[in-house]
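Enquirer: would you be able to build a 3D model of this:
(chains A and B)
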Number of protein chains: 2
Amino acid sequence: MTPPLLIRPATTADHVAIWAILKPAIREGETYALPRDMSGADAVAYWMGPGREVFLADEERRAVGTYFLCANQRGGGGHVANCGYMTDPAARGRGIARGMAEHSLDEARRRGFLAMQFNFVVSSNESAVHLWHSLGFETVGRLPGAFRHPRFGYVDALVMFRRL
Amino acid sequence: MTPPLLIRPATTADHVAIWAILKPAIREGETYALPRDMSGADAVAYWMGPGREVFLADEERRAVGTYFLCANQRGGGGHVANCGYMTDPAARGRGIARGMAEHSLDEARRRGFLAMQFNFVVSSNESAVHLWHSLGFETVGRLPGAFRHPRFGYVDALVMFRRL
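Expert: Below you'll find the predicted structure:
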């Protein structure tokens, strides 16, 4: 049976756990537009950057996922939220990304955001595209060849959007 | 006759001139997703932020426009450029934005970028949309109601893209 998922705000005490989650995806370079050789300090500084709230998903007190929530734009664009999600590769296929996504939609609503936007979903990341569609996101933009995939070469990136 | 436009890299000595150009558009809040009450220091820090090259357009040694050039994403997205442009309202209608845009496309090509993307073109900013179309940009995304316009309420924002 899948252990229950507890999602809570991250603290500075979670930096090492967050880097452990981010590191495989950053080194792999197939899903996020971040330098593959990014240091742990830079990655955590990016993930927990200004204006971002960061959450951690724990399974039996072990961190298995993290996400950030922020405004996608400022000023006249401040009513649209943005999030990024990462799951520990060893914990994939257990609904952790979905659990974090549902949590993030609730948190965004609670903060008064009217919509959520993902700016750069790599089109070859099929499990992510499938998950966002199943959660009501629509593809509102397609950026031709905007991501250079380490194995597939230039692939499109998608802009996805849903009202809250 | 329109005086010739000289476009050159901006320096720290240009901060006051840059703020004078940015200020009207920021206060007006109709074209950029920035806080309308943003301070001059914050606005210049944003415009000249990390990773951005900033240019100034001079007409007879008077600054009439500025733009920044940067990578739109990092890592696998680092081959797509991004720019932002602002023109002194008193100098509108003289082709300054077009001059800066053409300059920026050349500068982006010289740096090896393969495409340019604008992430958030406010759809009610018709002169900008028209200019980008005339310069070969296509609308590759439409963000529904993503910008709250001070006079028109929620309007769409466009994602525009062209190869270089």
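Enquirer: contact residues of chain A facing chain B?
Expert: A:29-30, A:32-36, A:38, A:72-80, A:114-115, A:117, A:119-120, A:122, A:140-150, A:157, A:159, A:161, A:163 (C-beta under 8 Å from any C-beta of the partner chain). All C-beta spots, glycine's among them, are computed from the backbone N, C-alpha and C.
Enquirer: filter those to the buried ones?
Expert: A:29-30, A:32-35, A:38, A:72-73, A:75-80, A:114-115, A:117, A:119-120, A:122, A:140-141, A:143-149, A:157, A:159, A:161 (16 or more other C-beta atoms under 10 Å in any protein chain shown).
Enquirer: which ones among the residues you listed map onto strands?
Expert: Per DSSP state E, strands hold the following members of these: A:80, A:115, A:117, A:119-120, A:122, A:140-141, A:143-149, A:157, A:159, A:161.
Enquirer: check the gap between the nearest residue to A:Gly29 once chain neighbours are set aside and B:Arg74 for me.
Expert: What sits nearest to A:Gly29 in space, not counting adjacent residues and going by C-beta to C-beta, 6 or more residues apart in numbering or on different chains, is A:Arg36, at 4.1 Å. Noted for A:Arg36: a distance of 10 Å to B:Arg74, by C-beta to C-beta, to the nearest Å.
Enquirer: again with A:Asp156
Expert: Applying C-beta to C-beta, the value for A:Asp156 to B:Arg74 is 18 Å.
Enquirer: likewise A:Ala115?
Expert: 25 Å.
Enquirer: how about chain A: which residue is closest to chain B?
Expert: A:Gly141 (2.1 Å; C-beta to the nearest C-beta).
Enquirer: how about the nearest residue to that residue once chain neighbours are set aside: which residues does it bridge to?
Expert: In this structure, A:Gly141 finds its nearest non-sequential neighbour in B:Gly141, 2.1 Å apart by C-beta to C-beta, 6+ apart. B:Gly141 has these beta-bridge partners by DSSP bridges: A:Gly141, B:Val159.
Enquirer: my guess is B:Gly141 meets B:Ser123, correct?
Expert: No - checked against C-beta atoms under 8 Å, the pair B:Gly141 and B:Ser123 is beyond contact range at 11.3 Å.
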